[in-house]
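1. The amino acid sequence is not available; the structure is as follows:
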């Protein structure tokens with residue numbers, strides 16, 4: 001993709017009514033279309049979605065494929081895809097607008113700042129779908145299932161909230177099991193290092209992202225963990 005196309009998409013993202021952005025860790029205010037600042041912490045369902053439905057986050061959402069699939073399948077729930085890549089979010093947000101999916105929105109920010117944008121017990125579920133595994137040991141704390149991230153999530157998860165990890169990477173899978181088992185607030189409910197070898201544990205696993213299709217074509221097995229926040 002050329003730099004010109006990226007700049008055009010960044011400009012279009014800024015005008016989309018279903019996208020919010022933040023890049024300043026010292027100022028966690030969100031910017032929506034036309035440059036308007038807005039505070040949605042603790043009020044996403046009411047202020048953006050206009051309802052009181054449960055909220056699911058898709059972290060490192062990329063093109064938002066999981067958020068879009070879930071939004072179509074569960075119209076009685078709200079979905080928010082979170083990623084830092086504007087060109088990727090542009091595609092998911094555009095599809096949502098074209099399909100008139102009013103129960104899905106996107107947040108463009110660094111996930112390290114996630115706790116600034118959601119209030120206590122505001123989120124019912126998290127999906128982490130094929131995130132960067134950060135293979136170097138020195139970057140292990142950047143993995144989205146590291147203890148530091150699990151601590152961030154507990155600031156806004158409801159008791160009983162589910163967290164899902166779907167990955168092709170064995171190192172991240174084992175690392176995530178260790179992190180979840182060692183954290184007092186999370187309980188592993190299910191684990192499988194090859195989900196398509198048997199009946200799917202939950203029907204949402206049937207949704208496949210662009211990257212998952214590539215991994216499967218390369219003969220990689222897809223791994224899954226479901227845990228509960230206690």
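-> Yep, it's here. Given the structure is predicted, the values throughout are model-derived calculations rather than measurements.

2. in the top strand by length along the chain, what counts as buried?
-> Of all segments of type strand in the chain, defined using DSSP state E, the longest is strand 157-167. Judged by neighbour count using 16 or more other Cβ atoms under 10 Å, the buried positions of strand 157-167 are 157, 161-167. C-betas here are computed from N, CA, C, even on glycine.

3. Same check on stretch 84-101?
-> 84, 86-96, 101.

4. and if you look at stretch 29-38?
-> Buried residues in stretch 29-38, defined by neighbour count with 16+ other Cβ under 10 Å: 30-32.

5. Out of the residues you listed, flag the one nearest to residue 195.
-> Distance to residue 195, by Cβ to Cβ, is smallest for residue 30 among those, at 35.0 Å.

6. Next one: that closest one from residue 44, what distance?
-> Distance, residue 30 to residue 44, by Cβ to Cβ, to the nearest Å: 10 Å.

7. Then residue 114?
-> As judged by Cβ to Cβ, residue 114 and residue 44 stand 13 Å apart.

8. do the same with residue 173
-> Counting by Cβ to Cβ, the gap from residue 173 to residue 44 is 30 Å.

9. Hmm, residue 224 and residue 189 touching each other?
-> No: using Cβ atoms under 8 Å, residue 189 is not in contact with residue 224; the gap is 10.9 Å.

10. Same drill for these two, tell me which one is more crowded.
-> Neighbour comparison, residue 189 and residue 224: the larger count goes to residue 224, with 20 against 14 (by other Cβ atoms under 10 Å).

11. Quick one: residues in contact with the stretch of helix or strand the more buried one belongs to.
-> According to DSSP states H and E, residue 224 maps onto strand 223-229. The contact list for strand 223-229 (Cβ atoms under 8 Å, 6 or more residues apart in numbering) reads 153-154, 157-170, 173, 176-177, 180, 185-195, 201-202, 205.

12. ok, it: who's next to it in the sheet?
-> Here the strand partners of strand 223-229, with direction, are listed using DSSP bridges: strand 157-167 (antiparallel), strand 186-192 (antiparallel).

13. Could you dump those into JSON lines and include distance to residue 78 and mean pLDDT?
-> Output for the strands paired with strand 223-229, formatted as JSON lines (distance: least, Cβ to Cβ, whole Å; pLDDT from 0 to 100):
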{"stretch": "strand 157-167", "distance to residue 78": "13", "mean pLDDT": "98"}
{"stretch": "strand 186-192", "distance to residue 78": "23", "mean pLDDT": "98"}
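
14. Let me have those in a markdown table, extended by distance to residue 56.
-> Shown next, in a markdown table, are the strands paired with strand 223-229 (distance: least, Cβ to Cβ, whole Å):
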| stretch | distance to residue 56 |
| --- | --- |
| strand 157-167 | 9 |
| strand 186-192 | 16 |
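
15. May I ask you to confirm that residue 89 is in contact with residue 61?
-> Yes: contact criterion Cβ under 8 Å: residue 89 and residue 61 qualify, at 7.4 Å.
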